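Asker: Structure of the sequence below:
(one chain, ligands or ions: 1)
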Amino acid sequence: MMEFALFRLPDGRAWLGEGPFTALATVPAAGGAFYINDFDLHDPKPWKVPARLHEVTAGDLAEKTHLNGSQKPQIQWAKPATEWFKMAFRRIRREVQAKRLEKMVPVLTESGTLTAGNPRRLLEAIMQAPGNMWSYAHVKEDGGFLGSTPEMLFKLQERQLETMALAGTAKPGNQEGFLTDVKEIEEHEIVVRYLTQRLQALGAMAREPRTLCQTSGLVHFQSKLSVQLEAKADPAQLVPLLHPTPAVGCLPRDDEAMEKLREYRQQLKVPGFFGAPFGFAEADGTTHIVVAIRGICWEGNQISLPSGCGIVGGSAFDHEWRELRLKREAVLRLLSLQS
Ligand SMILES: C=C(O[C@@H]1C=C(C(=O)O)C=C[C@H]1O)C(=O)O
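Answerer: The predicted structure is shown next:
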């Protein structure tokens, strides 16, 4: 199989689409299409209709993707250098303290070299991800990306829109400290405020209380939001309305801040898939779009493992550096790649 896409819902239902894909600007009425784009939404035709679509389970994926016989990947990781990230971190914090910015999410990417095996084998691991995660993959002949994310951008079913703020991170174990951590709460509430502002015009909105979301080896703050839309909305318009949220982007989301964010991403060599929207439209029209974090990408034998962290005025470098490591470790654990 040359090119394919995979999407798994938290409830375990999963779809595998085989290329070649037909690209469309809007979601087809019959559904059965994947949404694949990069962080900057460069692709004007992000809806990809596969030549063949299969509903798959963890049990039959290996056979369907012809993985049988290939070995698990072995990766030699290089320790990430601090310099560029430290510079971005300091500049962002300075901008926040000067009140020119509220929050920005720089991304650090760890590189690795594939020494044996096939990265496609990791599809089996993302099919086994915990029940509160969405798994995604887009694989081409010599490269691709895949992962399992705890972050949904939105789910649209008729006129019911669901979304979530997921931001603020801790290691499991110190829940009491985390629940009252002012900096983490601020980081989270910035995302809630942003979503509320963006969604208010669309219809009656409801916010659930802030709760804890426990994923593989990490705890986050999560607030669910929902909107009863006044008029039918096209997912093609909702994506640029909501993405990027300040959970992976910046606030304010004006041209100047977005330009800075793009500059940092370029300087730090962040892969285009990271933080981008990814999704699937079911045959009944229900559309799921998630935020592609907690994953890896590869090109030939070069592997990248990106992770980001929100910087606000109270952020300290060592704390964020540790948080980035925890996030990378969570991905490695999820993919059963830990050494
Ligand atoms: C950017 C990542 O995660 C995002 C950033 C978070 C944070 O800064 O606390 C938490 C969850 C995600 O919204 C990542 O996992 O790399």
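Asker: How about the residues of this structure by the ligand?
Answerer: Applying CB under 6 Å from any ligand atom, we find that the chain lies next to the ligand at 105, 151, 166-169, 187, 220, 247-248, 293-294, 307-310, 327. Bear in mind the C-beta positions are built from the backbone N, C-alpha and C, glycine included.
Asker: Quickly find the element holding the residue lying farthest from the centre of the chain.
Answerer: Distance from the centre of the chain peaks at G69, with 30.0 Å (CA atoms, centre = their mean). Assigned by DSSP states H and E, G69 belongs to neither a helix nor a strand.
Asker: got the phi/psi numbers for it?
Answerer: When quoted as degrees, to the nearest 10, the phi and psi of G69 stand at phi 100, psi -30.
Asker: repeat for P271
Answerer: The phi/psi pair for P271 (degrees, to the nearest 10) reads phi -60, psi 140.
Asker: how near is it to S304?
Answerer: Going from P271 to S304 by CB to CB, to the nearest Å gives 5 Å.
Asker: cool, G249 as well?
Answerer: Remark: distance between G249 and S304 (CB to CB) = 19 Å.
Asker: Compare the two and say which is more crowded by neighbours.
Answerer: A direct count of neighbours by other CB atoms under 10 Å for G249 and S304 places G249 higher, at 22 against 19.
Asker: Pull the contacting residues for that one.
Answerer: By CB atoms under 8 Å, 6 or more residues apart in numbering, the contact set of G249 is 104-105, 243, 258, 261, 275.
Asker: so which strand or helix has M87?
Answerer: Assigned by DSSP H and E, M87 belongs to helix 83-97.
Asker: What residues sit buried inside that helix?
Answerer: Under the neighbour-count criterion of 16 or more other CB atoms under 10 Å, helix 83-97 has 85, 88-89, 91-93, 95-96 buried.
Asker: name the helices or strands packed onto the following helix or strand past that helix?
Answerer: Downstream of helix 83-97, the next assigned helix or strand under DSSP H and E is strand 103-104. Where contact means 3 or more CB pairs under 8 Å, 6 or more residues apart in numbering; DSSP states H and E, strand 103-104 is packed against helix 83-97, strand 250-251, helix 255-267.
Asker: Quick one: mean pLDDT for strand 103-104?
Answerer: Average pLDDT, strand 103-104: 97.
Asker: between the next helix or strand after that strand and helix 83-97, how many degrees?
Answerer: For strand 103-104, the succeeding helix or strand toward the C-terminus, using DSSP H and E, is strand 107-116. If you take axes from the mean of the first three to the mean of the last three CA atoms, to 10 degrees, strand 107-116 sits at 160 degrees to helix 83-97.
Asker: Mind listing residues that contact strand 107-116?
Answerer: Residues outside strand 107-116 that contact it (CB under 8 Å, 6+ apart) are 71, 73-80, 85, 264-265, 268-271, 274-275, 298, 300-308, 324, 328.
Asker: In helices, which of these fall?
Answerer: 85, 264-265, 324, 328 (DSSP state H).
Asker: tell me the two of those residues that are most distant?
Answerer: Using CB to CB, the pair of those lying farthest apart is Y264 and R328, separated by 18.3 Å.
Asker: In the stretch 1-150 of the chain, what residue comes closest to the ligand?
Answerer: V105 (5.7 Å; CB to the nearest ligand atom).
Asker: does the nearest residue to that residue once chain neighbours are set aside have beta-bridge partners, and which?
Answerer: The spatial neighbour of V105 that comes closest, neighbours along the chain excluded (CB to CB, 6 or more residues apart in numbering), is G308 at 4.5 Å. Judged by DSSP bridges, the bridge partners of G308 are V107.
Asker: Pull the number of nearby residues for G308.
Answerer: Using other CB under 10 Å, the number of residues around G308 comes to 24.
Asker: which ones are touching it?
Answerer: G308 neighbours (CB under 8 Å, 6+ apart): 105-108, 248, 274-275, 293, 324, 327.
Asker: Save the residues you listed as TSV, and put in neighbour count too.
Answerer: Shown next, in TSV, are those (neighbours: other CB atoms under 10 Å):
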residue	neighbour count
V105	24
P106	25
V107	23
L108	26
V248	24
F274	26
G275	26
I293	25
L324	21
K327	22
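Asker: Which single one of those is nearest to G147?
Answerer: The closest of those to G147 turns out to be I293 (CB to CB; 7.1 Å).
Asker: Go through the residues of the chain next to the ligand and flag which are in helices.
Answerer: Per DSSP H, the residues of the chain next to the ligand map to helices at 187, 327.
Asker: which of the residues of the chain next to the ligand are buried?
Answerer: 105, 151, 166-169, 187, 220, 247-248, 293-294, 307-310, 327.
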